[in-house]
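**Student:** Structure here, sequence nowhere to be found:
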């Protein structure tokens, strides 16, 4: 398929610049995949679509104040560092803005004696940065939460760009499907007999980087840290075996769950035949049909879900409205069908839904 197959035109005024209060007062477009039926609700109405033994899987990543400012040590030229992923010790993968900031350049962080040296270069502005000392305390004092570039209005309460259950620090962007939940709504959902499970996926470069190739098969996702505990994997599998549905809250939870299902398949291959594991991973869509249990994982995933992918564990998906020509739009097109998704997006535009990070939500059943 082509990148242009995932394009649509959005009126700029529908890009949400601030979140709705309270969180669960945002609108909810419910899409039934089997019939194509669409319903227009308020997010807190999602309780009416949940059943006992269902399990909601929430991404508990927390956005760190990952945007910091610096100057080139030699010239004093301005630079901006957007931390994406902690690698090891004091080394980070980052997007670095500024003129001619190449390997070997040393930056001095603003209002600090800490320096940052560029020790590696990737595509475009991607760099490997080594700091002169740990920067956790500096980030707390001087770092900014990196809001998406299409949000131009200052956010008065920066906690509104965190989910109410955000716990594991390390993300460069929020898992925005979860922004609609309040503590009270989650309690009500649990009282219905719905289970809550957690995973972690630290959102990285591909949230900021667009797809630049027309043949989408040529695009490669960058790796992002994903974790699912043994206890949460067990809860998910037990809910599924009890007749419940696995409902992923967001595309990040979806990637984590599907990665865990793929690892489950690889784990079941003969351990004395590494090539069989490799074949399972490379040809997963040919070798797997139907539901797969998930296993605990802690790894970096680059799972790239496009139309044609057969989902192994996710039965329903809560998500926001995504930018055109993005891997996120490709993923939900894989889940519900490209034509149905684009038709639904057009209806959402006509109904004046709010789009992107602070926008309204979809529940795809």
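**Tutor:** Thanks, I have the structure now. Model, not experiment: these values are computed from the prediction.

**Student:** hey, which helix is longest across the protein?
**Tutor:** If you go by DSSP state H, the chain has its longest helix at helix 251-267.

**Student:** just the angle between the one helix or strand residue 231 maps to and helix 251-267, please?
**Tutor:** Element membership for residue 231, per DSSP states H and E: helix 230-241. Helix 230-241 and helix 251-267 are oriented at 90 degrees to each other (axes from the mean of the first three to the mean of the last three Cα atoms, to 10 degrees).

**Student:** The helix or strand following helix 230-241 pairs with which strands, parallel or anti?
**Tutor:** Per DSSP H and E, the first helix or strand lying C-terminal to helix 230-241 is strand 246-249. Sheet pairing of strand 246-249 (DSSP bridges) gives strand 55-59 (parallel), strand 316-320 (parallel).

**Student:** So what touches the helix or strand that the first one is followed by?
**Tutor:** Toward the C-terminus, strand 55-59 is succeeded by strand 61-63 as the next helix or strand (DSSP H and E). Around strand 61-63, the neighbours that count as contacts under Cβ atoms under 8 Å, 6 or more residues apart in numbering are 145-146, 161-162, 166-175, 200-203, 252. The C-beta positions use only the backbone N, C-alpha and C, and glycine is treated the same way.

**Student:** Could you identify the helix or strand that succeeds strand 61-63?
**Tutor:** Counting by DSSP H and E, the element after strand 61-63 in chain order, helix or strand, is strand 67-72.

**Student:** Next, the buried residues of that following strand.
**Tutor:** Residues of strand 67-72 classed as buried: 67-70, 72 (neighbour count, 16 or more other Cβ atoms under 10 Å).

**Student:** follow-up on the earlier one: winner for burial among the strands paired with strand 246-249?
**Tutor:** strand 55-59 (a mean of 27; mean count of other Cβ atoms under 10 Å).

**Student:** Touching that strand from outside, list them.
**Tutor:** Contacts of strand 55-59 (Cβ under 8 Å, 6+ apart): 50, 163, 165, 175, 178, 181, 189, 194-201, 232, 235-236, 239-240, 244-250, 252-253, 256-257.

**Student:** filter those to the buried ones?
**Tutor:** 50, 163, 165, 175, 178, 181, 189, 194-201, 232, 235-236, 239-240, 244-250, 252-253, 256-257.

**Student:** Low-confidence ranges, the stretch 201-350 of the chain, go.
**Tutor:** For the stretch 201-350 of the chain, the stretches with pLDDT under 70 are 206-209, 267-290.
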